[in-house]
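Undergrad: Need coordinates for the below:
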Amino acid sequence: MTTPAIETEGLTKYYGRSRGIIDVSLQVERGEIFGFLGPNGAGKTTTIRLLLDLIRPTRGHAWVLGLDPQRDGVEVRRRVGYLPGELALYPDLTGQQALEYAAHLRNGVPQKEIARLADRLEADLNRPIRSLSHGNRQKIGLIMAMMHRPELLILDEPTTGLDPLMQQVLYELLEEVRRDGRTVFFSSHILPEVERLCDRVGILWEGRLVAVETVADLKRVAVRRMDLVFDGPVDPEPFRAIPGVREVTAAGPTLHVAVQGSLDPLIKAAAQHTLLNIITYEPNLEEAFLAFYREGGAQ
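TA: The predicted structure follows:
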C-alpha cells in the first residue's frame, strides 16, 4: 500500500503562549494537487515549516513521503521542492548563478530543465537578483523548487507577485506535475485559485483544520457575489425567494446578490427580464469558512 505524500497526526505548534497550529491531522494522497486554504495568520506557513523540519512541533507527528522529517530531514528535502512564502536569495547573484548554485547543492540538475522552466515562466536569468521585481524573483524561486522534478512540491502562496498571465502558466505547470503522478501541496488565501487547480482542499481557520473537502463541496458552500444589471428597476422580492440566495439589495436597475451553491435558479430568474450585464466578484473566503461551520463541516 502506497504511503501518503503527507500525513500529520495531532500536529501542534505554539510560539510561547501564541498559537501556531492546534491538533492538525491531515492526509495528502500521492498524485493529487492539494490546496491548503486559509486567511493570513491561519497557520499555513507554520504547518509547512513543520513538514520540512524547519521548526519543531510542540506535540504531534508528521510524515512526508513516508519519512519522519525530524529523523530523515535531509532525505525529505532531497525529494521535495519547496517555495517559501518569504523567498530569500543572494542579491548579488544573477538568476542563472542562483539556480546553478542550488543545482550544485542537489548534486546536479539538467540544464535543459532549468532552461525549459525559465522559458515557460519568461524568467530573466541574466540580471542580478537585487535588480529584479518581486514577481521576477518569485519566478526564480519557482524554478528552484521545480527544476529537479521532485516527488512532492510544497509551495507557500506561489502566485504572489505574478501577473495574471504568469499565474496561468504556473497553473499549467502544476497540472503537468499532477499528470506525471507527482504531488503538489500549496497554501493559498485565494479561493478561485484553489478551485481552478485542486482535487481536494484543507481549510485552516485560527490554527485548526476545520474541514477537508473536495473542490466540488467547496464550491457548494462558497458564497458568490454579483451584480445583475437590467434595463430598468426590478422587484427584488422574487429573487430573495430563490434557493441559495442569501441577500438581495436593489440600486436602480442593479440587483446586488449573494448566492450560495448553484447559480442556475438565479440566472433563470434574471433571464425573465432584460438583463444587460452580470458583474461577478471574487468569492468571499471568510464566508466560505463560516458556511462550513453553519453546515456542521468543522472537524
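Undergrad: Could you give the separation between the terminal residues of stretch 264-276?
TA: 17 Å (CA to CA, to the nearest Å).
Undergrad: what's in contact with it?
TA: Residues outside stretch 264-276 that contact it (CB atoms under 8 Å, 6 or more residues apart in numbering): 228-232, 234, 238-239, 242-245, 253, 257, 259, 278. For every residue, glycine as well, the C-beta is placed using N, CA and C.
Undergrad: In helices, which of those fall?
TA: Within these, residues falling in helices by DSSP state H are P238, F239.
Undergrad: of the contacts of stretch 264-276, buried ones?
TA: Buried residues within the contacts of stretch 264-276, counting neighbours by 16 or more other CB atoms under 10 Å: L228, V229, F230, V234, F239, I242, G244, V245, P253, V257, V259.
Undergrad: In this structure the fourth one contacts L255, no?
TA: Yes - here V234 reaches L255: they are 6.2 Å apart, a contact under CB atoms under 8 Å.
Undergrad: list residues touching both of the two?
TA: Jointly contacting V234 and L255 under the rule CB under 8 Å, 6+ apart are L228.
Undergrad: Near G73, how many other residues are there?
TA: For G73, the number of neighbouring residues by other CB atoms under 10 Å comes to 15.
Undergrad: just to confirm, which helix or strand has the spatially closest residue to it that is not a sequence neighbour in it?
TA: In this structure, G73 finds its nearest non-sequential neighbour in D53, 4.3 Å apart by CB to CB, 6 or more residues apart in numbering. Element membership for D53, per DSSP states H and E: none, as it lies in no helix or strand.
Undergrad: lowest-pLDDT helix or strand in this structure?
TA: Ranking every helix and strand in the chain by mean pLDDT, DSSP states H and E puts helix 285-294 at the bottom, with a mean of 60.
Undergrad: Can you give me the distance of the residue lying closest to P243 once chain neighbours are set aside to V257?
TA: Ranked by CB to CB, 6+ apart and with sequence neighbours excluded, the top spatial neighbour of P243 is P265, at 5.9 Å. When distance is defined by CB to CB, to the nearest Å, P265 is 12 Å away from V257.
Undergrad: ditto for A102
TA: For A102, the distance to V257 equals 49 Å [CB to CB].
Undergrad: residues touching the spatially closest residue to A123 that is not a sequence neighbour, list them.
TA: Leaving aside its chain neighbours, A123 sits nearest to K139 (4.0 Å; criterion: CB to CB, 6+ apart). K139 sits next to G95, A118, L121, E122, A123, L162, M166 when contact means CB under 8 Å, 6+ apart.
Undergrad: Dihedrals phi and psi, the closest residue to P84 other than its chain neighbours?
TA: Distances taken as CB to CB, 6+ apart put D156 closest to P84, at 5.5 Å, once the chain neighbours are dropped. In terms of degrees, to the nearest 10, the main-chain angles of D156 are phi -100, psi 110.
Undergrad: And for L117?
TA: Note on L117: its backbone torsions stand at phi -70, psi -40 [degrees, to the nearest 10].
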